[in-house]
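Asker: Sequence first, then the predicted structure, then my questions.
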Amino acid sequence: MKGTLKDLFAILNSKCNYLILRNWNNLFSKGVYEAGHADIDILCESKASFVELTGAKRIHKEKNRDNYIVPMDDNGIRFDVRWVGDGYYPTSWEHEMLNNRVLNEDSVYVMSERDHFYSLAYHALLQKKELSDEYANKLNTTYNLFTSENTILTEDEIVQKLLSFMKKNKLKAEIPVDPGVFLNLQVYSLLPHNYSISRLLLRKAFCIKTYLSHQLRRITNRIS
């Protein structure tokens, strides 16, 4: 695709039902999203529509991986493309996120404040090995904006708020189609969840393949 990142989002605004999942404050800062340095996490109603509109190319060979690069003039910008039904978030919530999206001051669609907090909690707790200080700080900042409170939540309090939110809205955690998305099984078991044997087997096969590839590289490096 020819043009700038702003040009790309102008096209998406008119032809694609999408929103940026997080970290949109510095979206158009110069040099932030150059190839290999950062990526944009995006949720789309249709992944096929996003790919067709942007000319996005897969980064990995596996068809169930959702990491792409969009050619932009002489550079490329990486996108992690999440789509309705992919299990990255509960499917009904993905629909609701898109229905609740808002157009921000940079003319890009982002999450509502409520969805931003709870989706960030879901991502930080379920899709990371542990809650980092960085995410804890982001969550507290987001929560205080969302509630107009001035408080500091502990990790247990964040877990309980996410759990209450999911129960109230009848949401169940899902296993992502993309096996490259980390899944914290301990947190997954604490939340209401849907169980998918096929996705678990796919994830285990991916882990074995990744491990073997890593070992092969180590052996090759030692020989050379």
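Answerer: Arrived safely, thanks for sending. Residues are numbered from 1 along each chain as shown.
Asker: how about the strands in this protein?
Answerer: Listed in chain order, the strands of the chain (DSSP state E) span 18-20, 39-44, 57-58, 67-72, 75-83, 102-103, 109-110.
Asker: Highest mean neighbour count out of the ones you listed?
Answerer: Comparing the strands of the chain by mean neighbour count (mean count of other C-beta atoms under 10 Å), strand 18-20 ranks first with a mean of 23. Any C-beta I mention is one placed from the backbone N, CA and C, and that applies to glycine too.
Asker: Which strands and helices lie in contact with that one?
Answerer: Other helices and strands packing on strand 18-20, by 3 or more C-beta pairs under 8 Å, 6 or more residues apart in numbering; DSSP states H and E, are strand 39-44, helix 91-100, strand 109-110.
Asker: could the ones you listed go into a markdown table alongside distance to Leu8 and mean pLDDT?
Answerer: As requested, those are arranged in a markdown table below (distance: least, C-beta to C-beta, whole Å; pLDDT from 0 to 100):
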| stretch | distance to Leu8 | mean pLDDT |
| --- | --- | --- |
| strand 39-44 | 10 | 95 |
| helix 91-100 | 19 | 97 |
| strand 109-110 | 13 | 98 |
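Asker: Kindly reformat these as CSV containing distance to Asn194.
Answerer: Shown next, in CSV, are the helices and strands packed on strand 18-20 (distance: least, C-beta to C-beta, whole Å):
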stretch, distance to Asn194
strand 39-44, 19
helix 91-100, 9
strand 109-110, 27
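Asker: I'd like to know which of these is closest to Lys161.
Answerer: Closest approach to Lys161 among the helices and strands packed on strand 18-20 (C-beta to C-beta): helix 91-100, 15.1 Å.
Asker: list the buried ones in the helix ranked longest in the chain?
Answerer: Looking across the chain with DSSP state H, the single longest helix is helix 197-223. Applying a neighbour-count criterion of 16 or more other C-beta atoms under 10 Å, the buried positions in helix 197-223 are Arg199, Leu202, Arg203, Phe206.
Asker: do the same with stretch 11-28
Answerer: By 16+ other C-beta under 10 Å, the buried positions in stretch 11-28 come out as Leu12, Cys16, Asn17, Tyr18, Leu19, Ile20, Leu21, Arg22, Trp24, Leu27.
Asker: can I assume Leu139 is in contact with Lys161?
Answerer: No - Leu139 lies out of contact with Lys161 (C-beta atoms under 8 Å); the separation is 9.4 Å.
Asker: Compare these two (neighbour count), which wins?
Answerer: Applying other C-beta atoms under 10 Å to Leu139 and Lys161 shows that Leu139 carries more neighbours, namely 26 against 16.
Asker: so who does that one touch?
Answerer: For Leu139, the contact set (C-beta atoms under 8 Å, 6 or more residues apart in numbering) comprises Phe117, Leu120, Ala121, Ala124, Leu153, Ile158.
Asker: Okay, and which of those map to helices?
Answerer: Among the contacts of Leu139, the members falling in helices (DSSP H) are Phe117, Leu120, Ala121, Ala124, Ile158.
Asker: right, and out of the residues you listed, which lies closest to Ile223?
Answerer: Using C-beta to C-beta, Ala124 comes nearest to Ile223 of these, at 40.5 Å.
Asker: who touches the closest residue to the closest one other than its chain neighbours in this structure?
Answerer: Once flanking residues are discounted, Ala124 sits nearest to Tyr135: 3.9 Å by C-beta to C-beta, 6 or more residues apart in numbering. Counting by C-beta under 8 Å, 6+ apart, Tyr135 touches Leu120, Ala124, Lys128.
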